[in-house]
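[1] Sequence plus predicted model, see below.
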Amino acid sequence: MSYRDVVSRPVLTWALVAVGARMPVAMAPLALVFLVRERPGGYSLGAALAAAYVIGEIIGAPVLGMRLDPRRARPHLAAGLVAGAVGFAGLGAFPGAPAAILTAFAFLAGAGPAAAPGGLRTLLTSLVPAHAAAQALSAESVLTFGVWAVSPATVTGLALGADPRLPPLLAAALMASSAAGLWSLPAGWAADGPGGPAERGDRDSEGVSKRRLLARAWPVYVTGAASLSLLALAELVLPALLEQRGTGVGWAGPLLTVMAVASAVGAFLYGSRSWPGLLRTRSAVLMTGMSAAVAAVALIPGAPGIAAALAVAGLFQSGAMLTRNLSLREVLPPDVLAAGYSVMYAAVGAGYAATGSLAGALLPRTAPSTAILAGVALTLLLTAVGWWGERRAGRSAPGADAVLPLGAAAGAEGAPVGGGRDPEGGL
């Protein structure tokens with residue numbers, strides 16, 4: 001297993017475009033809070049703007065992702081990124097505007113580019129040989145976690161050291177540059193492959209048929225939502241937990257950076273070798289390990305122990321997210337894959353919002369550690385439901401006894417990545 005096939009000029013260009021598209025997403029929640037915190041009720045307004053941004057992502061991802069034309073995705077993706085740039089620019093240019101106008105800008109900033117993550121991920125896998133798909137997705141995860149590691153410091157430094165308008169304005173500039181950079185990449189990706197629409201003679205990419213294909217992947221979305229729900233616990237409850245433990249709240253940022261760096265390391269390690277077992281089993285094991293680590297965060301008294309537990313959680317988290325992306329490649333045909341990634345993006349956003357809401361409702365009534373443990377219980381329930389759904393779908397699928405390589409199921413092109421194979425295409 002090697003990353004050699006991923007290292008190329010097109011992939012480097014893709015990485016620069018992806019940073020421009022994703023760093024604004026990582027910056028957004030904290031940037032919105034800093035933007036309005038000096039206004040009366042600023043923190044509440046900041047939370048409301050962040051909620052509007054996330055709702056925009058949840059709505060925009062499936063709606064826009066399902067309309068992506070695989071062969072001509074560039075104009076669609078560029079238009080979404082430009083819309084997001086307009087939303088961020090409006091926030092930075094008019095921070096004193098009425099709350100309703102700021103909410104509209106925040107919604108546009110979230111909804112406009114919501115199809116970009118799924119489209120860019122599909123474009124990345126089209127730039128590398130089929131057998132290097134797992135390494136490409138691992139490299140993408142390393143890049144994403146790296147962006148999430150540096151974004152909080154960037155926002156804090158600009159907002160507190162210069163002007164709170166600068167983070168959203170920087171986000172607007174990054175998104176605009178990402179839209180322009182798309183013209184240095186292919187206009188789209190191949191929609192047809194073995195078992196794709198051209199061979200099946202059906203209408204998988206049209207109307208209800210496409211929605212049904214996406215609906216069949218619901219167990220993958222459920223487990224994906226579970227994976228980010230644990231991140232919500234770590235991000236939203238950690239400051240209160242540190243205060244409960246008598247540790248300075250200022251340690252929350254460095255501790256979350258530890259988790260992000262560990263996630264990047266985990267993503268690299270995951271793509272560097274083959275792993276045994278079915279994808280659904282591997283995902284369940286990784287999610288269980290991450291849940292145990294987050295539960296340890298709630299029980300460990302000191303900051304060093306919390307840091308170690310968050311690092312372990314990060315290592316498991318990246319692997320769990322990668323298995324979900326690989327599972328989508330197994331169950332969806334190429335012409336639907338970008339839409340599937342977009343639905344996954346919406347699902348994980350919904351999982352983040354649901355767990356965050358649960359934690360927010362529990363914090364006034366119970367200790368932060370108890371709120372974290374309740375969230376872990378919800379995550380384990382979602383993981384069990386997703387595993388059961390995938391197991392049931394695997395048993396009922398036609399040809400379930402066939403042995404398929406990674407990426408070969410449901411029309412995804414490719415050869416095995418390495419190691420033993422199973423009916424799900426597990427490594």
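    Okay, I see it. Quick caveat: nothing in here was measured; it's all calculated off a predicted structure. Numbers count the residues shown, from 1 in each chain.
[2] Figure out how far stretch 253-272 is from the centre of its chain.
    Its chain's C-alpha centre and that of stretch 253-272 lie 14 Å apart, by CA atoms, centre = their mean, to the nearest Å.
[3] Let me see the mean pLDDT of that stretch.
    What stretch 253-272 shows for mean pLDDT is 84.
[4] Please export the C-alpha coordinates of that stretch as CSV.
    What follows is stretch 253-272 as a C-alpha-only set of coordinates in CSV (Å, rounded to 0.1, in the frame of the first residue of the first chain):
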residue,chain,number,x,y,z
GLY,A,253,-8.6,25.1,21.8
PRO,A,254,-5.3,23.3,22.2
LEU,A,255,-7.0,20.0,23.2
LEU,A,256,-9.2,20.1,20.1
THR,A,257,-6.1,20.8,18.0
VAL,A,258,-4.6,17.6,19.5
MET,A,259,-7.7,15.7,18.3
ALA,A,260,-7.5,17.2,14.8
VAL,A,261,-3.8,16.4,14.5
ALA,A,262,-4.4,12.8,15.7
SER,A,263,-7.2,12.5,13.2
ALA,A,264,-4.9,13.5,10.4
VAL,A,265,-2.3,10.9,11.5
GLY,A,266,-5.1,8.3,11.7
ALA,A,267,-6.2,9.1,8.2
PHE,A,268,-2.7,8.7,6.9
LEU,A,269,-2.2,5.4,8.7
TYR,A,270,-5.5,4.0,7.4
GLY,A,271,-4.6,4.6,3.8
SER,A,272,-1.0,3.2,4.2
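[5] List the residues that contact residue 118.
    Residue 118 makes contact with 61, 65, 68, 338-342, 344-345, according to CB atoms under 8 Å, 6 or more residues apart in numbering. Every C-beta, even on glycine, is put in place using the N, C-alpha and C of the backbone.
[6] Which members of these are positioned in helices?
    Judged by DSSP state H, helices contain the following of the contacts of residue 118: 61, 65, 338-342, 344-345.
[7] how about those in TSV, adding pLDDT, neighbour count and distance to residue 380?
    TSV is the format used below for those (pLDDT from 0 to 100; neighbours: other CB atoms under 10 Å; distance: CB to CB, whole Å):
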residue	pLDDT	neighbour count	distance to residue 380
61	89	29	25
65	87	28	29
338	83	29	30
339	85	27	29
340	87	29	25
341	87	24	25
342	86	28	26
344	87	29	20
345	84	26	23
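[8] circling back to that earlier point, I'd like to know which of the contacts of residue 118 is nearest to residue 281.
    Using CB to CB, residue 344 comes nearest to residue 281 of the contacts of residue 118, at 19.5 Å.
[9] how many neighbours does the nearest residue to the closest one once chain neighbours are set aside have?
    Of all residues not flanking residue 344 in the chain, residue 224 sits nearest, at 5.0 Å (CB to CB, 6 or more residues apart in numbering). Residue 224 is flanked by 30 other residues according to other CB atoms under 10 Å.
[10] my guess is residue 224 meets residue 323, correct?
    No: when contacts are counted by CB atoms under 8 Å, residue 224 is not listed as touching residue 323 (9.6 Å).
[11] one step back: among the contacts of residue 118, list the two that are farthest apart in space.
    Distance extremes for those: the farthest pair is 68 and 344 at 13.9 Å, using CB to CB.
[12] Please report how far the residue nearest to residue 344 lies from residue 372.
    Distance, residue 224 to residue 372, using CB to CB, to the nearest Å: 20 Å.
[13] and if you look at residue 242?
    Counting by CB to CB - residue 242 and residue 372 are separated by 12 Å.
[14] quick one, which of these two is more surrounded?
    Neighbour tally, residue 242 and residue 372, criterion other CB under 10 Å: the higher count belongs to residue 372, 27 against 19.
[15] any idea how far residue 135 is from the more buried one?
    Relative to residue 135, residue 372 is positioned 34 Å away (CB to CB).
[16] what mean pLDDT would you report for stretch 388-403?
    62.
[17] Would you mind giving the contacts of residue 118 as CSV with distance to residue 108 added?
    Putting those into CSV (distance: CB to CB, whole Å) gives the following:
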residue, distance to residue 108
61, 14
65, 17
68, 19
338, 21
339, 21
340, 24
341, 21
342, 17
344, 22
345, 17
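[18] Residue 32 touches residue 91, doesn't it?
    Yes: contact criterion CB under 8 Å: residue 32 and residue 91 qualify, at 7.3 Å.
[19] Spit out the residues that contact those two alike.
    49, 106, 168.
[20] Listing request: residues of this structure with sub-threshold pLDDT.
    Low-confidence segments of the chain (pLDDT under 70): 1-2, 190-208, 394-427.
[21] Identify the residue nearest the geometric centre of it.
    For the chain, residue 345 is the residue whose C-alpha lies nearest the centre (CA atoms, centre = their mean; 5.7 Å).
[22] check contacts around that one.
    By CB under 8 Å, 6+ apart, the residues touching residue 345 are 57, 61, 65, 114, 117-118.
[23] how much space is there between residue 132 and residue 93?
    As defined by CB to CB, residue 132 lies at a distance of 43 Å from residue 93.
[24] what's around the residue nearest to residue 143 when sequence neighbours are not counted, how many residues?
    Of all residues not flanking residue 143 in the chain, residue 15 sits nearest, at 5.8 Å (CB to CB, 6+ apart). Using other CB under 10 Å, residue 15 has 16 other residues around it.
[25] and if you look at residue 148?
    22.
[26] Which of the three states applies to it?
    Classification of residue 148 by DSSP: H, G, I helix; E, B strand; the rest coil places it in helix.
[27] Quick check: it touching residue 261?
    No: with contact defined as CB under 8 Å, residue 148 does not count as touching residue 261 (9.7 Å).
[28] so which of the contacts of residue 345 comes closest to residue 265?
    For the contacts of residue 345, the nearest to residue 265 is residue 117 (21.6 Å; CB to CB).
[29] so what's the residue nearest to the centre of the chain closest to, chain neighbours aside?
    Setting aside the residues directly before and after it, residue 345 is nearest to residue 61 in space (CB to CB, 6+ apart), at 4.3 Å.
[30] Wait, the one you found touches residue 349, no?
    Yes: in this structure, residue 61 is within contact of residue 349 by CB under 8 Å, at 7.3 Å.
[31] re earlier: secondary structure element holding the residue nearest to residue 344?
    helix 218-244 (DSSP states H and E).
[32] Alright, I will stop here.
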